[in-house]
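*Asks:* Model the structure of this input:
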Amino acid sequence: MADQNVPPRRSRDDSPWDGRPQPGADGYRAAPDAPSYRRKAAGNGDRPDARYPQSAGHQQYAGYSQPAAQWAHQQSGQQVDQWTQEHRAGGPGRRGPQWVGPEGLEAPEPGPYAGPGELPELEDEQEPGRSNGRRRALITLTGAAAVVAGAGAIAVASRNGDLVDRFLGHTPFGNGNGNATAAAVTDGSADRPSGQQPSTVRTYTEQNESYMGSKAGQELKKNSPASGRTLGGPGIAAAQTEVTVKTVLAKDPIRHLATRATFGATPKLLAEIKLLGIDEWLRRQLDPEKIAPTKAELKLSELPTLNMSIKQLRERRDTVKDVDNADHEFVWATIARQIWSERQLYEVMVDFWNDFLHVAAYYDGSDIQRSSFDRDVIRKHALGNYADMLVAANTHPALLTYLNQSQSHKDAINENLARENLELYSVGVDGGYTEMDVRQAAMLQTGLGVDKDEYLYRANRHYVGKVSILGFKSDNSSAEGGEAVIKAYLRHLALHPSTANYVAQSLATRFVSDTPPKTLVDRLAKSYSANKGAIKPVLMTLFSSTEFWGSVGQKVRRPMEYLVATYRVLGVQPDPSPGYQKPANLRRTPFADGLSQIKNKMEQLGQFPAGLSTPNGYPDVYVAWTSAGTMVSGWNEAHDVINGNRKMFSYTAPQNLVAAPPATAGAYLDLLAQRLVHQKLTDREKNLILGIAGVTSGTKVDPTFNGAITAIARALLASPQHHLR
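*Replies:* Next up, the predicted model:
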C-alpha cells in the first residue's frame with residue numbers, strides 16, 4: 001500500500017489539507033527559514049488538524065489560510081472515527097488498486113486552536129492634535145461603498161453549507177482484467193456514485209462565484225457591464241466604448257489600460273502608452289522578450305539560485321551552508337519584477353497562471369523544485385499555449401511532489417493530481433466530469449513520478465488497461481506507451497470546451513470585472529478553442545472588447561497588488577539610500593534583503609506570489625478580501641514607503657514628488673493627485689484631504705505642505721482612486 005494517498009483538501013472540500021507532502025525518498029524537508037507552520041483544529045477540537053502559514057490578513061481556520069471573507073464548512077470528528085473503524089487498509093479481502101484515506105491508517109490527534117491575528121494599528125505620523133481628524137478623513141475616503149464606486153455597502157461574505165462526507169470510498173477500481181471503464185465499477189460510496197458530477201456531490205460552486213453569491217457580490221453585479229462586442233482592435237474598442245458604470249475613476253482609456261494590464265500606473269508608463277498608442281504598446285507587451293531588462297532585473301543576479309537547475313540546487317544544498325533557498329529567491333525575484341520590470345503584462349499573466357495552475361511557493365521539496373517550476377513551466381508558457389503548460393506542469397517534479405503523485409502506482413492509487421487536473425487546472429468542477437472520470441484519470445496517470453527531485457516516468461508503476469475520461473478514450477495497452485497516452489489525455493483536457501470556458505471566465509474576472517459578462521466569456525472561450533489554447537489571441541480578443549474598456553473602476557486591488565502599485569507610483573529604486581550601512585551580520589545583499597522584507601509584509605497582509613498553501617490559488621474577487629485590518633496595514637506600509645524607511649532602497653522625498661510645487665495648498669494638491677492617482681479629485685475629496693493638514697485651498701504652503709506632505713500623500717494612497725484598478 002502507498003503511504004498517505006491523500007485527496008487534496010481545500011476550503012471548498014470541507015476538509016483540511018496542509019499542502020506540504022511527506023518527505024521525499026532522500027528524507028529532506030523545507031528550509032529552516034521557510035514560513036512557520038502551526039498545528040490547529042476547528043473550534044471543537046475534534047477535527048484532524050493540518051499546518052498552515054500564519055498571515056494577519058487571513059482568517060485561520062481548519063488547517064489552512066484563506067482570506068477573511070472565506071470560511072470553511074465544519075466537519076464532525078465522529079465521521080473520522082467511523083471511517084477509521086470501517087475502512088482501515090481498504091477493508092478485508094479486497095483486490096486491485098486500493099485507495100487510502102486522507103490520514104493514511106491513523107488520523108492525527110487534533111492540535112490547539114489559534115485565533116486570527118490582531119487588527120493592525122493605524123499610525124499617525126504627526127502631532128496628536130491632528131490625529132483624530134486624519135483618521136476620520138482616511139476612513140471617509142476609503143469607505144467600502146466608495147471603493148466599489150457606489151455599488152452599495154460591502155459586507156464580509158461568509159460561506160455556509162451542508163456537511164459533506166470527508167473521505168472517499170475504498171472499493172477497488174477496475175475489474176481485475178485491465179479495463180477501468182467497466183460498467184460495474186463504482187466508487188464504493190452510496191453518497192458518491194461514480195457517475196455523479198462532483199459539483200452536485202460536494203455542494204460546491206467555483207471559488208470566485210461562491211464569494212460573488214453573497215449580498216455584497218450581488219450589489220457588485222448591479223454595477224457591471226451587461227454585454228458588449230469585439231471590435232477591430234484595442235485602439236478602436238477604446239475609442240468607441242462609452243463608460244456608463246458608476247465609478248470614482250477618471251474615464252480615461254490610457255489610465256484604464258495602465259492599471260489593468262500592469263501592476264500599477266506610473267507617470268512614465270502613462271506617457272509611454274500615450275506616445276506609442278494603445279495598439280503598439282500592447283503589441284510590444286505581448287512580445288516581452290524584446291523589451292530590455294531594467295536595472296532591477298539586472299540586479300536579480302544577486303539572487304544566485306534564480307537560474308540554477310535542479311541538479312545544481314541539489315549539489316549546492318549538499319555543499320554550501322547558510323544561504324538563501326531557491327524557493328525564497330524566486331518569490332523575491334517575482335516581487336522585484338512586478339515592481340520594476342517593464343514587461344508588465346507578462347508579469348500580470350505570470351501571476352494569473354500562478355493562481356490558475358497553482359503550486360505553493362513552500363512545501364517539502366520546494367527549496368529544490370519550485371524555482372524551476374516558475375521558470376520552466378509558468379514563465380516559459382505564460383504567453384504561449386496552455387496545452388503546453390499543462391503537459392509541462394504534469395511532467396515537472398514540483399507539481400508531482402506537491403500533489404503526492406510520486407506515491408501513486410498501479411496497485412495503490414493516489415488521486416490528488418488527477419482530481420486537480422480536472423477540477424482546478426482544466427475543465428473546472430462544473431465542467432462535466434464525474435467521480436468515475438477522476439478515478440480513471442488517477443489510474444491512467446500512474447507512472448508519473450520523481451527521483452532525486454527530477455521528473456521520471458516509471459513504466460513498472462503504470463496501470464495498463466482501457467480508460468475513458470471526459471471524452472478521451474484509449475486502450476492504454478502498454479506500460480512503455482503510458483507516458484504518451486498521459487500527455488495525449490492532458491492535451492485533450494487543455495483543449496476541452498469546458499477548459500476554454502474556465503480559462504475565459506478566469507481571464508475576464510482578472511482583467512474586466514468580478515462579475516464578467518457572459519457575452520465576453522463566450523467570445524474569449526471561442527477564441528481559445530479556435531486558436532487551440534494559444535493565449536495571445538485570447539488576450540487580443542479581450543483587449544478588443546467593449547466590455548474591457550467599459551469596465552472602468554470595476555476591479556479592486558488585492559493586498560499584494562496594492563503594495564506593488566504603491567512602490568511603483570512612488571518611484572522607489574532598487575539601489576540603497578545614501579548613507580545606508582549594511583549590517584555586519586547580513587549575508588544577503590541589500591537588494592535581496594529589501595525584497596525579503598517586502599515579501600514578509602505581503603505575507604502579513606495575506607498574499608504574496610504563489611503564497612497560498614492550498615492548490616486552488618488566491619481568489620480574484622474583491623469580496624474575498626474585505627478586511628479592515630488588511631487595508632489599514634497596507635496604509636501603514638504606504639506611510640513607510642513615503643518616508644523611505646527601508647533604506648536598502650532609494651526614494652523620492654515626498655516634497656519632491658511634484659516638481660516646483662505651487663505656493664497654495666489647493667493647486668499643490670491638484671498636482672500631487674495627478675502624480676499619485678493620475679486624475680483630478682472632486683471638491684469634496686480635496687477638502688477632506690486638505691483638512692488633514694488643517695488648511696484650505698488658498699492657504700500658502702511650502703514644498704513640505706507646511707510639514708504635512710507625508711500625511712497628504714498617504715491619504716491619496718488610501719483613497720479609492722489608488723485601491724481601484
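
*Asks:* So for Arg255, what's the nearest residue that isn't a sequence neighbour?
*Replies:* His678 (5.2 Å; Cβ to Cβ, 6 or more residues apart in numbering). Just so you know, the C-beta spots here come from the backbone N, C-alpha and C atoms, and that holds for glycine as well.

*Asks:* check contacts around that neighbour.
*Replies:* Residues counted as contacts of His678 (Cβ atoms under 8 Å, 6 or more residues apart in numbering) are Ala250, Asp252, Arg255, Ala258, Ala265, Pro267, Leu270, Gln721.

*Asks:* go again using 10 Å as the cut-off
*Replies:* By Cβ atoms under 10 Å, 6 or more residues apart in numbering, the residues touching His678 are 249-250, 252, 254-255, 258-259, 264-267, 269-270, 569, 721-722.

*Asks:* Quick one: buried ones out of those?
*Replies:* 249-250, 252, 254-255, 258-259, 264-266, 269-270, 569, 721-722 (16 or more other Cβ atoms under 10 Å).

*Asks:* for the contacts of His678, which one is nearest Phe373?
*Replies:* Nearest to Phe373 among the contacts of His678, counting by Cβ to Cβ, is Gly264 at 26.2 Å.

*Asks:* Name the SS class of that closest one, please.
*Replies:* Three-state assignment for Gly264 (DSSP: H, G, I helix; E, B strand; the rest coil): coil.

*Asks:* so it touches Ile339, yeah?
*Replies:* Yes: using Cβ atoms under 10 Å, Gly264 makes contact with Ile339 at a distance of 8.6 Å.

*Asks:* Can you pull the residues that touch both of these two?
*Replies:* Contacts common to Gly264 and Ile339, judged by Cβ under 10 Å, 6+ apart, are Leu563, Val564, Ala565, Thr566, Tyr567, Arg568.

*Asks:* Can you check the pLDDT for the residue nearest to Ser697 when sequence neighbours are not counted?
*Replies:* Nearest residue to Ser697, sequence neighbours excluded (Cβ to Cβ, 6+ apart): Gly666, at 3.0 Å. Per-residue pLDDT puts Gly666 at 97.

*Asks:* do Thr244 as well
*Replies:* For Thr244, pLDDT reads 90.

*Asks:* swap in Leu657?
*Replies:* pLDDT, read off for Leu657, is 97.

*Asks:* How is Ala250 assigned, secondary-structure-wise?
*Replies:* Under three-state DSSP, Ala250 comes out as coil.

*Asks:* Please report how far it lies from His678.
*Replies:* 7 Å (Cβ to Cβ, to the nearest Å).

*Asks:* Asp388 now?
*Replies:* Counting by Cβ to Cβ - Asp388 and His678 are separated by 37 Å.

*Asks:* ok, now Thr652?
*Replies:* Distance from Thr652 to His678, by Cβ to Cβ: 16 Å.

*Asks:* next one: Asn404
*Replies:* From Asn404 to His678 the distance is 47 Å (Cβ to Cβ).

*Asks:* Which parts of the stretch 301-450 of the chain are helices?
*Replies:* Remark: helices assigned in the stretch 301-450 of the chain by DSSP state H, counting those that start in this stretch are 310-319, 326-340, 344-356, 366-373, 380-381, 386-394, 397-402, 416-423, 435-444.

*Asks:* Wait, Ile339 touches Ala296, no?
*Replies:* Yes: with contacts counted by Cβ under 10 Å, Ile339 reaches Ala296, the gap being 7.1 Å.

*Asks:* Of these two, give the one with the bigger neighbour count.
*Replies:* Ile339 (24 against 20; other Cβ atoms under 10 Å).

*Asks:* Please list all residues in contact with the more buried one.
*Replies:* 263-264, 294, 296, 347, 563-568, 572-574, 595, 598, 649.

*Asks:* Could you report the separation of it from Val320?
*Replies:* 28 Å.

*Asks:* what about Ala530, how many residues close to it?
*Replies:* Neighbour number of Ala530 under other Cβ under 10 Å is 12.

*Asks:* Look up how far Gly634 lies from the residue lying closest to it once chain neighbours are set aside.
*Replies:* Nearest non-adjacent residue to Ala530, counting by Cβ to Cβ, 6+ apart: Pro537, 7.7 Å away. For Pro537, the distance to Gly634 equals 36 Å [Cβ to Cβ].

*Asks:* can you list the weak-confidence ranges in this structure?
*Replies:* 1-177, 182-225 (pLDDT under 70).

*Asks:* ok, which stretches of it are strands?
*Replies:* Ranges of strands within the chain are 37-40, 50-53, 58-61, 64-67, 448-451, 454-457, 467-469, 472-474, based on DSSP state E.

*Asks:* elements contacting the fifth one?
*Replies:* Translated: strand 448-451. helix 397-402, strand 454-457, helix 482-494 (3 or more Cβ pairs under 10 Å, 6 or more residues apart in numbering; DSSP states H and E).

*Asks:* tell me the most buried of the ones you listed?
*Replies:* Comparing these by mean neighbour count (mean count of other Cβ atoms under 10 Å), helix 397-402 ranks first with a mean of 27.

*Asks:* list the contacts for Ala713?
*Replies:* 570, 638-639, 641-643, 654-655, 657-658, 672-673, 675-676, 689, 705.

*Asks:* on that earlier part again, of the contacts of Ile339, buried ones?
*Replies:* 263-264, 294, 296, 347, 563-568, 572, 574, 595, 598, 649.

*Asks:* of those residues, closest to Ile368?
*Replies:* Nearest to Ile368 among the buried ones among the contacts of Ile339, with distances taken as Cβ to Cβ, is Leu595, at 20.6 Å.

*Asks:* Skipping adjacent residues, who's closest to the closest one in space?
*Replies:* Nearest one to Leu595, counting by Cβ to Cβ, 6+ apart, is Trp332 at 3.7 Å.

*Asks:* Helices along the stretch 551-700 of the chain, start to end?
*Replies:* Under DSSP H, counting those that start in this stretch, the stretch 551-700 of the chain gives helices at 559-569, 590-605, 628-642, 665-676, 683-693.

*Asks:* Let me know which of the ones you listed is tucked in deepest.
*Replies:* helix 559-569 (a mean of 24).

*Asks:* list the residues that contact both of Ile339 and Ala296?
*Replies:* Val572, Gln573, Pro574, Leu595, Phe649.

*Asks:* got a list of what the last one touches?
*Replies:* This points to Phe649. With Cβ under 10 Å, 6+ apart, Phe649 has these contacts: 296, 339, 567, 572-577, 580, 590-591, 594-595, 597-598, 641.

*Asks:* Next, it: phi, psi?
*Replies:* For Phe649, the backbone dihedrals (degrees, to the nearest 10) come out as phi -120, psi 170.

*Asks:* Surely Gly707 touches Ala693?
*Replies:* Yes: counting by Cβ under 10 Å, Gly707 does reach Ala693; the two are 8.2 Å apart.

*Asks:* Ok, which of the helices and strands packed on strand 448-451 comes nearest Leu507?
*Replies:* helix 482-494 (14.8 Å).

*Asks:* any idea of the angle that closest one forms with helix 416-423?
*Replies:* Going by axes from the mean of the first three to the mean of the last three Cα atoms, to 10 degrees, helix 482-494 is angled at 30 degrees with respect to helix 416-423.

*Asks:* Mind giving me the packing neighbours of helix 482-494?
*Replies:* Applying 3+ Cβ pairs under 10 Å, 6+ apart, one finds that helix 482-494 contacts helix 386-394, helix 416-423, helix 435-444, strand 448-451, strand 454-457, strand 467-469, strand 472-474, helix 497-511.
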